[in-house]
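Undergrad: Give me the fold of what follows.
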Amino acid sequence: MRKEWIKERKNDATPTQMYYAKQGVITPEMHHVAKVEGLEPDFVRECVAKGRMIIPANINHTNLIPMAIGIDAKTKVNANIGNSSLVSDINGELEKLDICLKYGADTVMDLSTGGDLDEIRTAIIKNCNVPLGTVPMYQIIHDVCEIENLTIEAMLEVIERQAKQGVSYFTIHAGFLLKFMPLISKRKMGIVSRGGSLMATWMMHYHKENPFYEAFDQILDICAKYDVALSLGDSLRPGCLYDATDEAQLSELKVLGELTLRAWDKNVQVMVEGPGHVPLNQIEYNVKIQQEWCHNAPFYVLGPLVTDIGAGYDHITSAIGGALAASYGVAMLCYVTPKEHLGLPNATDVRDGIIAHKIAAHAADIARGRAGAIDRDHAMSDARYNFDWNKQFELALDPDKARELHDESLPQDVFKEAHFCSMCGPKFCAYKISRKITEENNVK
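TA: Prediction:
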């Protein structure tokens, strides 16, 4: 739908949604978002102009369907895919992408670190109708081979190459400064961010400032040229509860707030990344301090994981924290799969991670009173009480899973009309008994 829209902007020097919003222009992307979110178009424009909502939509990703991330929009879920130098190929990543799109991921990040990264990304963008994000640092290191070979010129070349391909948001680790290095020694788990650890290696090797910070204005110029949003990465996110909300994490967050204002000055859209591993009782503080220090830029969190002992089930550990964080105002949840801490996720892990976090996001939208959020739940209640099994499958966040579990014990089509399931059988179904009582006693 965006091909014609983009043609009209091809000669604009700064074709970003934030630029147009500040000029009072309601773009077609804003109109589409307003319709999907149930908001007024001018309200969407105003939120984008203020930076509290972003519409990640690279001008070169024309098959993208516009969506919004922000406290005033429904809670979104990102799903990570991408190969490693050891496992997976293009077909494997496209299979994961199909799973992401089928089960409702709102954005996808390609975190590939091995193989022909440009070829993989081209294939993903071609088949992806949601915003695609990347961590350019992975390709920078892939291309220069050793972290010590990184230069600002090489860094900017990769960033612009990915922008030309159609990447709609970059995770940039620009807030991790050299002066924060001593704070890491106080931690139990040091740096758990891949991008952050690579940046620390470079800074300590040369004893120079973070090149992403030094070249931040040049990065902004590239982002403004293609309308790439920035996801300001939290290199010092806590990787365990012991390190949660410590001086290292909060010091970086303050810098991210400063970088947010610099990006807005150049009409570049921004969201800010957050922790990580955080106990339940610290989640609200983390959200509120980000909103204050980062000027209400959308908050995008990994989890947070609320315990460190959920190995194999960390999609649940993360969804618990995500539901609470989103209820306090987080705009987007980065999914975690059952493979977190254990290995590279496969297609099944991706599905499980997405659904767990879609549940968390939906629960938060209900808690925040989003218009229409609870309607689907009420429809599900009606379908259950009326023994409409096919309607129940349709309304479930994962219809395939709901049908699979029902059919494990009662697969025949006749049981889709039954007034019971295999849990209670025909004699002990509370719904059936309750309905009978109501009907026989004419209770209204």
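Undergrad: Give the buried residues for the longest helix along the chain.
TA: For the chain, the helix with the greatest residue count under DSSP state H is helix 347-367. Within helix 347-367, the residues that qualify as buried by neighbour count (16 or more other CB atoms under 10 Å) are 347, 349-365, 367. Placement of C-beta: from N, CA and C, glycine included.
Undergrad: Mind giving me the packing neighbours of that helix?
TA: strand 76-81, helix 90-102, helix 314-328, strand 332-334 (3 or more CB pairs under 8 Å, 6 or more residues apart in numbering; DSSP states H and E).
Undergrad: Can you show me the CA trace of it as CSV?
TA: The C-alpha trace of helix 347-367 is given here as CSV (Å, rounded to 0.1, in the frame of the first residue of the first chain):
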residue,chain,number,x,y,z
ALA,A,347,10.2,-22.4,14.8
THR,A,348,8.3,-24.0,17.7
ASP,A,349,10.2,-21.9,20.3
VAL,A,350,9.4,-18.8,18.3
ARG,A,351,5.7,-19.7,18.3
ASP,A,352,5.7,-20.3,22.1
GLY,A,353,7.5,-17.1,22.8
ILE,A,354,5.2,-15.0,20.7
ILE,A,355,2.0,-16.4,22.2
ALA,A,356,3.2,-16.0,25.7
HIS,A,357,4.0,-12.4,25.1
LYS,A,358,0.8,-11.7,23.1
ILE,A,359,-1.1,-13.0,26.2
ALA,A,360,1.0,-10.6,28.4
ALA,A,361,0.4,-7.6,26.1
HIS,A,362,-3.4,-8.3,25.9
ALA,A,363,-3.7,-8.7,29.6
ALA,A,364,-1.9,-5.3,30.0
ASP,A,365,-4.2,-3.7,27.4
ILE,A,366,-7.2,-4.9,29.4
ALA,A,367,-5.7,-3.5,32.7
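Undergrad: got any ranges where the protein has weak pLDDT?
TA: Scanning the chain for pLDDT under 70 picks out 87-88, 443-444.
Undergrad: Quick check, central residue of it?
TA: Asn78 (2.6 Å; CA atoms, centre = their mean).
Undergrad: Wait, that residue touches Asp106, no?
TA: Yes - contact criterion CB atoms under 8 Å: Asn78 and Asp106 qualify, at 6.7 Å.
Undergrad: hmm, back to that, how distant is whatever helix or strand comes next after the longest helix of the chain from the center of its chain?
TA: Next in sequence after helix 347-367, counting helices and strands by DSSP states H and E, comes helix 375-385. Distance, stretch centre to chain centre, for helix 375-385: 28 Å (CA atoms, centre = their mean, to the nearest Å).
Undergrad: What lies in contact with helix 375-385?
TA: 362, 366, 388, 391-392, 395-396, 431, 435 (CB atoms under 8 Å, 6 or more residues apart in numbering).
Undergrad: Among the residues you listed, which ones are in helices?
TA: 362, 366, 391-392, 395, 431, 435.
Undergrad: Phi and psi next, for Gly274.
TA: Backbone torsions of Gly274, given as degrees, to the nearest 10, read phi -140, psi 180.
Undergrad: swap that for Glu8, sorry
TA: For Glu8, the backbone dihedrals are phi -70, psi -10 (criterion: degrees, to the nearest 10).
Undergrad: Show me the strands in this protein, by range?
TA: Using DSSP state E, the strands assigned to the chain run over residues 53-54, 69-70, 76-81, 107-110, 132-134, 169-172, 229-232, 270-274, 299-302, 332-334.
Undergrad: helices or strands up against the first one?
TA: Taking 3+ CB pairs under 8 Å, 6+ apart as contact, the helices and strands that strand 53-54 lies on are helix 41-50, strand 69-70.
Undergrad: so which of the ones you listed comes closest to Leu198?
TA: Closest approach to Leu198 among the helices and strands packed on strand 53-54 (CB to CB): strand 69-70, 26.0 Å.
Undergrad: so how far is the closest one from its chain's centroid?
TA: That offset, for strand 69-70, works out to 10 Å (CA atoms, centre = their mean).
Undergrad: Repeat that for stretch 425-432.
TA: 41 Å.
Undergrad: Could you do stretch 373-385 as well?
TA: For stretch 373-385, the distance to the chain centre is 26 Å (CA atoms, centre = their mean).
Undergrad: Next: stretch 414-433.
TA: That offset, for stretch 414-433, works out to 39 Å (CA atoms, centre = their mean).
Undergrad: buried set for it?
TA: In stretch 414-433, counting by 16+ other CB under 10 Å, buried: 416, 418, 420-421, 429, 432.
Undergrad: And the contacts of that stretch?
TA: Here stretch 414-433 makes contact (CB under 8 Å, 6+ apart) with 384-385, 387, 389-390, 406, 409-410.
Undergrad: got a winner among the residues you listed for most neighbours?
TA: Among the contacts of stretch 414-433, Trp389 has the most neighbours (other CB atoms under 10 Å), with 21 neighbours.
Undergrad: Could you list which residues are in contact with that one?
TA: Counting by CB under 8 Å, 6+ apart, Trp389 has contacts 406, 415-418.
Undergrad: Please apply the same query to Arg45.
TA: 21, 24-26, 30.
Undergrad: Among those residues, which one lies nearest to Arg161?
TA: The nearest one, if we look at those relative to Arg161 and count by CB to CB, is Ala21, at 27.5 Å.
Undergrad: residues near that closest one, how many?
TA: 25.
Undergrad: and the gap between it and Thr260?
TA: Distance from Ala21 to Thr260, counting by CB to CB, to the nearest Å: 16 Å.
Undergrad: Repeat that for Tyr138.
TA: Tyr138 is 23 Å from Thr260, by CB to CB.
Undergrad: so can I have TSV of the contacts of Trp389 showing distance to Ala163?
TA: Formatted as TSV, the contacts of Trp389 follow (distance: CB to CB, whole Å):
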residue	distance to Ala163
His406	46
Phe415	53
Lys416	50
Glu417	55
Ala418	55
